[in-house]
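*Asks:* Give me coordinates for this.
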Amino acid sequence: MDKEMKGWSNKKDPQDLVRQQIELAQRIAKAKQVTPQASVNGNNKSTGGGLRDKLYAPSMARKEQEKSIPDAVFDTAYQKGFLNINGTKCRILRGKFEQMGMEPTADKLVGICKYLQVDIDDVVQISRIQLKSRNAWDRRQGQLLLATACRAGSRTAIVYNLHLAYKQSQFNHSSLAKERNAFNSLVREGTYVPALMLAAKVHESQGNSKAAMDLYMRITSLQDDATFTPIEQSSATNKSESEAELELIQGTDLDICSAWLAMADKHCDGDPDTNPYYDFDKSKECFRRAALDFDDPRAYIFLSQCEDGELFWEDNENSVYNDEDGRKVDERALPLLTSDWINFRIKAAASGDAESAYRLGQVYSLPLEKIDTIKDRVVRDEILNHPCIAWPQRLDNMALSFVNRFRPEPTEDPTGLIQKGMDHAKLRGAQWRALYAEKWFEIAYDAGYSEAILECARIRWFRQFYQQAVELIRPLRSGNPARFGTQWDFIPREALALVQEWMKTPEGESLYKNNQVARECVDEMLVKKKYVLKPLKSGYEASPAVQKLMREKEAAK
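*Replies:* Numbers count the residues shown, from 1 in each chain. From the prediction side, this is the model:
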């Protein structure tokens, strides 16, 4: 064994030396039925008790034990369809591959695959998971496995390896000459989608748009390949097996959906006079295919914005306000709503688009008279009835109590949902819509859409949670327009109106006297007069609270 250790000491890479020391210690520990940690610490004489063991092996063993990818990650990947190799075979393959050391051969990897009866292309998926690990040794093993699969002739490995090089601007590196030759053969065959997609990207980067578009059109006529299912860095790397969960989100763009998206971008990018491929209708159709056939989030966002564009530019007597360009400025009422708009926005919001969640909140919090102006009956029924059907089982006791007992007056409602003379059924429907809209606004605000904070405050005020509403709009005191985007022009005035109304309530008066946080908020907004009410832009439909303050201001003059 000392001879074996001496032979290892000639290795140039210290990381290889450390790894080999750990492997030796583990083999010795297994033979003598002692723990690997005891061996690497030098407590077992058969390790040689060398200085290298004492300096390197303990810390490396601890790090590996703490950070290596749990087997449950591969089990989860197999269950979700990302891997074609089950967890047991993954463990065997990884173990046998590690036993090859730092210089594995293609023949041995092919032999392991034959022994386990797995396809060499499926091995690449294991390397992709390892490459996303937070552990350096796992990533190194992933690199070795990918490189070995390339030498073994795996087309998936060749394309994925070149794709990594392409993203690092190393596609033409001299060390990848063999991979490029094999890649060019795949492109000439014209049937392997990932190879064609990568070739199109290379042509795009070289300015050859015609060749890229020809490849995109060729790709969209082929069957998709599930080998390049998107994967992102797994959050389960440092978790226990019971907590392990593989996250499959956007990470690779070599599938047919990416070809549709690339064509869509090409058809709508740049100036129509200089882009020979510019065609907005074709772009919209490409996005529609990506959305409906592949459920792509970006495509849903684009399509929902297209529906917005039709709403904003169409001349309609129900438009709320038009500026000099004829574009609708206040989008709180959308009388031209379509069922496609609702569906696309829901899909986009479910994919994490903050603006879509905000727009849905606006729609579900529309006053009843605005809903009546919507031409599409399906959309009207969706807004009026869906919250009452789909939402009750998801509410907590406090929200249910609000619906069952709360009977607000129109003067207490800054949302405009409540009207005088409302019967019980309409009042209850307005309450359900308020709760449903509040959830969408919360999603939007959590995702970074700051304008949603004021809408949440309005609804919480409507629910008589006055303190929550005031504390929610407290960040508005910063006076930073950049933080709140394009809506900054009216947000301070709306917030000020809510605070002034709240101060007139017994709760507001009491809280102002006894609660320092509330007092600071109100003082900065009112006493210091940081926000001064100014006449709103002509035609802007303010909330009832602001309208009331404007009337009081005019009366005072």
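*Asks:* Which elements pack onto the longest helix anywhere in the chain?
*Replies:* Secondary structure of the chain per DSSP state H: the longest helix is helix 424-446. With contacts taken as 3 or more C-beta pairs under 8 Å, 6 or more residues apart in numbering; DSSP states H and E, helix 424-446 sits against helix 354-364, helix 377-390, helix 397-405, helix 452-462. Quick note: C-beta positions are derived from backbone N, CA and C, even for glycine.
*Asks:* Confidence-wise, which of those helices is weakest overall?
*Replies:* Among these, helix 397-405 carries the lowest mean pLDDT, at a mean of 44.
*Asks:* what about the stretch 351-500 of the chain, any weak spots by pLDDT?
*Replies:* 387-425, 427, 464, 466-467, 469-500 (pLDDT under 70).
*Asks:* same thing but at 50, please
*Replies:* For the stretch 351-500 of the chain, the stretches flagged by pLDDT under 50 are 391-412, 477-490.
*Asks:* ok, back up a step: mind listing what's buried along the longest helix of the chain?
*Replies:* Within helix 424-446, the residues scored as buried using 16 or more other C-beta atoms under 10 Å are 427, 429-445.
*Asks:* if we can go back for a sec, can I get the helices and strands packed on helix 424-446 in JSON lines including mean neighbour count and distance to residue 128?
*Replies:* Formatted as JSON lines, the helices and strands packed on helix 424-446 follow (neighbours: other C-beta atoms under 10 Å; distance: least, C-beta to C-beta, whole Å):
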{"stretch": "helix 354-364", "mean neighbour count": "24", "distance to residue 128": "30"}
{"stretch": "helix 377-390", "mean neighbour count": "15", "distance to residue 128": "38"}
{"stretch": "helix 397-405", "mean neighbour count": "13", "distance to residue 128": "43"}
{"stretch": "helix 452-462", "mean neighbour count": "25", "distance to residue 128": "37"}
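*Asks:* Nearest approach to residue 120 belongs to which of those?
*Replies:* helix 354-364 (42.3 Å; C-beta to C-beta).
*Asks:* Who are the packing partners of the helix or strand that that closest one is followed by?
*Replies:* For helix 354-364, the following helix or strand on the C-terminal side (DSSP states H and E) is helix 368-371. Here helix 368-371 touches helix 377-390, going by 3+ C-beta pairs under 8 Å, 6+ apart.
*Asks:* sorry, back to before: a markdown table please, covering the helices and strands packed on helix 424-446 and showing distance to residue 216.
*Replies:* What follows is these, written out as a markdown table (distance: least, C-beta to C-beta, whole Å):
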| stretch | distance to residue 216 |
| --- | --- |
| helix 354-364 | 27 |
| helix 377-390 | 35 |
| helix 397-405 | 49 |
| helix 452-462 | 37 |
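*Asks:* Nearest to residue 338, out of those?
*Replies:* helix 377-390 (6.6 Å).
*Asks:* Alpha carbons of that closest one, in CSV - could you do that?
*Replies:* Backbone C-alpha positions of helix 377-390 (Å, rounded to 0.1, in the frame of the first residue of the first chain) are rendered in CSV as follows:
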residue,chain,number,x,y,z
ARG,A,377,-70.5,37.3,-22.8
VAL,A,378,-68.0,34.5,-22.0
VAL,A,379,-65.6,37.1,-20.5
ARG,A,380,-68.4,38.7,-18.4
ASP,A,381,-69.4,35.3,-17.0
GLU,A,382,-65.8,34.5,-16.3
ILE,A,383,-65.3,37.7,-14.3
LEU,A,384,-68.6,37.5,-12.4
ASN,A,385,-68.8,33.8,-11.7
HIS,A,386,-65.4,32.2,-11.6
PRO,A,387,-64.2,33.7,-8.3
CYS,A,388,-67.4,32.5,-6.6
ILE,A,389,-66.9,29.0,-7.9
ALA,A,390,-63.2,28.4,-7.8
